[in-house]
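Q: coords below, sequence missing:
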């Protein structure tokens with residue numbers, strides 16, 4: 001199971017063979033995870049956000065990501081790892 005950027009989920013009854021957590025902060029999910037991948041903050045991101053009211057906001061990178069790659073690049077690499085090529 002992969003959980004991306006969620007906090008406050010009750011993991012008491014969560015029983016999975018392997019748990020991957022992608023998060024910016026330590027939490028009860030990252031504590032239980034077999035693998036934790038760090039997410040970068042909005043200050044380290046470039047792109048657009050769409051709010052629930054439909055407003056679109058452009059984001060500009062203020063600082064370079066400490067991880068060295070964007071959240072998109074990390075997720076893309078993770079998916080490539082999971083899906084073997086023929």
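A: Structure received. Being a predicted model, the structure only gives us computed values, none of them experimental.
Q: what sits against the spatially most central residue of the chain?
A: For the chain, the residue sitting closest to the mean C-alpha position, by Cα atoms, centre = their mean, is residue 22 at 3.7 Å. Counting by Cβ atoms under 8 Å, 6 or more residues apart in numbering, residue 22 touches 2, 3, 4, 5, 36, 37, 38, 39, 71, 74, 75, 78. (Each C-beta comes from the backbone N, C-alpha and C, glycine too.)
Q: might you report the residue contacts of the third one?
A: I take that to be residue 4. Going by Cβ under 8 Å, 6+ apart, residue 4 touches 22, 23, 39, 75.
Q: just give me the neighbour total for residue 7.
A: For residue 7, the neighbour count with other Cβ atoms under 10 Å is 13.
Q: dump the residue contacts of the closest residue to it other than its chain neighbours.
A: Leaving aside its sequence neighbours, residue 7 sits nearest to residue 27 (Cβ to Cβ, 6 or more residues apart in numbering; 5.1 Å). By Cβ under 8 Å, 6+ apart, the residues touching residue 27 are 7, 8, 21.
Q: can you list those residues in a markdown table and add secondary structure?
A: As requested, these are exported to a markdown table (DSSP: H, G, I helix; E, B strand; the rest coil):
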| residue | secondary structure |
| --- | --- |
| 7 | coil |
| 8 | coil |
| 21 | strand |
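Q: residue 85: which of these is nearest?
A: Distance ranking of the contacts of residue 27 against residue 85, using Cβ to Cβ, places residue 21 first at 25.7 Å.
Q: show me what contacts that closest one?
A: Counted by Cβ under 8 Å, 6+ apart, residue 21 has contacts 2, 3, 27, 29, 30, 32, 33, 35, 36, 37.
Q: next, format those residues as a markdown table and append pLDDT, distance to residue 63 and secondary structure.
A: What follows is these, written out as a markdown table (pLDDT from 0 to 100; distance: Cβ to Cβ, whole Å; DSSP: H, G, I helix; E, B strand; the rest coil):
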| residue | pLDDT | distance to residue 63 | secondary structure |
| --- | --- | --- | --- |
| 2 | 90 | 27 | strand |
| 3 | 90 | 26 | strand |
| 27 | 90 | 23 | coil |
| 29 | 91 | 26 | helix |
| 30 | 92 | 23 | helix |
| 32 | 91 | 30 | helix |
| 33 | 93 | 26 | coil |
| 35 | 94 | 25 | strand |
| 36 | 95 | 22 | strand |
| 37 | 93 | 19 | strand |
